[in-house]
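Engineer: using only what follows, build the 3D model:
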Amino acid sequence: MENPDLKTEREVAPLLRVTLKTLQTWRALRKGPRFVRIGRRVFYPAAGLERFLAENTVETAAPKRSEQTTP
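Structural biologist: Numbering: from 1, shown residues only. The predicted model follows:
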């Protein structure tokens, strides 16, 4: 039975634009997106990936008043 909300590390690496080795290193260091281990297999829940991306999103600063254009 496949669960579409669980992605394999081979599916996640290209989504995050990192190598498979980077994901494995992140897991060993307990950083990166949350994961689930079922036996020897590793899966990444979609909700955990969304949370990881949200937590690592950098907001840019609003333009200074002098840089804003007036209509």
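
Engineer: could you pull out the buried residues of stretch 35-49?
Structural biologist: If you call a residue buried by 16 or more other Cβ atoms under 10 Å, then stretch 35-49 has these buried ones: F35, V42, F43, Y44, P45, G48, L49. (Each C-beta comes from the backbone N, C-alpha and C, glycine too.)

Engineer: do me a favour and get the end-to-end distance for it?
Structural biologist: For stretch 35-49, the first and last residues are 9 Å from each other (Cα to Cα, to the nearest Å).

Engineer: I'd like the average pLDDT over that stretch.
Structural biologist: Mean per-residue pLDDT for stretch 35-49: 95.

Engineer: do stretch 11-28 as well
Structural biologist: Computed over stretch 11-28, the average pLDDT equals 96.

Engineer: can you name the residues in contact with it?
Structural biologist: K7, E9, R10, G32, P33, F35, V42, Y44, L49 (Cβ atoms under 8 Å, 6 or more residues apart in numbering).

Engineer: cutoff 6 Å now
Structural biologist: With Cβ atoms under 6 Å, 6 or more residues apart in numbering as the test, stretch 11-28 has contacts from E9, G32, Y44.

Engineer: what about the second one, which SS state?
Structural biologist: By that I understand G32. coil (DSSP: H, G, I helix; E, B strand; the rest coil).

Engineer: who's in contact with it?
Structural biologist: Neighbour list for G32: W26 [criterion: Cβ under 6 Å, 6+ apart].

Engineer: so for it, what's the pLDDT?
Structural biologist: So, for G32, pLDDT stands at 95.

Engineer: just the CA trace of the longest strand along the chain, in PDB.
Structural biologist: Criterion DSSP state E: the longest strand present in the chain is strand 41-45. What follows is strand 41-45, C-alpha atoms only, in PDB (Å, rounded to 0.1, in the frame of the first residue of the first chain):
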ATOM      1  CA  ARG A  41      13.300   2.600   4.800                       C
ATOM      2  CA  VAL A  42      13.200   6.300   5.200                       C
ATOM      3  CA  PHE A  43      10.200   8.500   4.200                       C
ATOM      4  CA  TYR A  44       9.500  12.200   4.400                       C
ATOM      5  CA  PRO A  45       5.900  13.200   5.100                       C
END
